[in-house]
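> Next comes the sequence, and after it the predicted model I'd like to discuss.
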Amino acid sequence: MHASPIQAIVFDWAGTTVDFGSRAPILAFQSLFSDQGVEIEVSEARAPMGLEKRDHIAALLQMPRIAATWHKVHGKAATETDIDRLYQDFIPYQLQAIPQCADLIPGAIETFQDLRRRQIKIGSNTGYARMMMTELIHHAEQQGYKPDCIVTASDVSRGRPYPDMLWKNLMQLGSSEIKTVVKVDDTVVGIHEGLNAGCWTVALAISGNEVGMSYEEWQNCPPEQQQQLKAKAYTTMQNSGAHYVIDTIADLPKVIDAIEVRLNRGEKP
């Protein structure tokens, strides 16, 4: 296969390439807040998904219901000191949850093989800190996934929706033209990262944060419920401004075909 006009694709991790349903962060956030006497719902835990994890904790504590419950339990509003402490407490929960949710998403390996044949570089970034990634990287490599570049939220001064992690990928990959770059993510804030960087964006509706089911749960979900969940997820991700919305990473090659055609016509994101 000839070289693609696309220089690089930058993937998110949880919900995009691994961890169907993006479950590891939810397990960690719910355990963290439960141990503080503040129970949070899955929908609440998912709302800020894609942010750097300390920012995620801060966003949760700004939600009116959670803020009120925290005040009732602790006698005062949460402070920056509380957020710093919670982030440190969060780390062990996340380290425990990540290996439990480290399987590659079905179809990922075939997609990576397709990209290699096109001579497209594979970058990656994540809302996880560097210290949280060791086991996940190891598990991914054992399954055959080894991106050319890995940038974490702790490697930059500003996390998503700022484009810093994506740009750092491109510097390490040696990619020079942003119009030849694609960002693939399962969160709205991750798509905004790509849009703010100025590249093509592809949103994943089913495998990640919007549906939030494991692969087995999704497979066992009644068709009518699947359609309802899919329609809602597609609406959310289309409203994010993404150039393309697909179910999972398994569907990416057909989008790459379409972007290649547009680039060869002289189009830009």
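Cool, the structure landed.
> Do a quick rundown of the helices in the stretch 101-250 of the chain.
With DSSP state H, counting those that start in this stretch as the criterion, the stretch 101-250 of the chain has helices at 108-117, 134-142, 164-173, 188-197, 215-219, 223-239.
> Residue 82 is nearest to which of those?
Closest approach to residue 82 among the helices of the stretch 101-250 of the chain (C-beta to C-beta): helix 188-197, 23.0 Å. Where C-beta positions appear, they are placed from N, C-alpha and C, glycine not excepted.
> tell me what the closest one is packed against?
Judged by 3 or more C-beta pairs under 8 Å, 6 or more residues apart in numbering; DSSP states H and E, helix 188-197 is in contact with helix 164-173, strand 181-185, strand 200-204, helix 223-239.
> if we go to 10 Å?
strand 8-11, strand 121-126, helix 164-173, strand 181-185, strand 200-204, helix 223-239 (3 or more C-beta pairs under 10 Å, 6 or more residues apart in numbering; DSSP states H and E).
> How far off centre is it?
11 Å (C-alpha atoms, centre = their mean, to the nearest Å).
> Now do that helix against strand 200-204, angle only.
Orientation of helix 188-197 against strand 200-204 (axes from the mean of the first three to the mean of the last three C-alpha atoms, to 10 degrees) gives an angle of 170 degrees.
> what element comes up after the helix or strand where residue 44 lies heading to the C-terminus?
Residue 44 is located in helix 42-46, with elements delineated by DSSP states H and E. Using DSSP H and E, the helix or strand that follows helix 42-46 in sequence is helix 53-62.
> Show the average pLDDT along that following helix.
Mean pLDDT, helix 53-62: 97.
> Could you list the buried residues of the helix or strand just after that helix?
Next in sequence after helix 53-62, counting helices and strands by DSSP H and E, comes helix 64-74. In terms of neighbour count (16 or more other C-beta atoms under 10 Å), helix 64-74 has its buried residues at 66, 69-70.
> next one: stretch 155-162
155-156, 159-162.
> try stretch 161-174
For stretch 161-174, by 16+ other C-beta under 10 Å, it's 161-170, 173.
> Take those residues and lay them out in a markdown table including pLDDT and distance to residue 60.
Shown next, in a markdown table, are those (pLDDT from 0 to 100; distance: C-beta to C-beta, whole Å):
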| residue | pLDDT | distance to residue 60 |
| --- | --- | --- |
| 161 | 97 | 17 |
| 162 | 97 | 20 |
| 163 | 98 | 24 |
| 164 | 98 | 23 |
| 165 | 98 | 21 |
| 166 | 98 | 25 |
| 167 | 97 | 28 |
| 168 | 97 | 26 |
| 169 | 97 | 27 |
| 170 | 96 | 31 |
| 173 | 96 | 33 |
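> wait, isn't residue 190 in contact with residue 162?
No: between residue 190 and residue 162 there is no contact under C-beta atoms under 10 Å: 11.6 Å.
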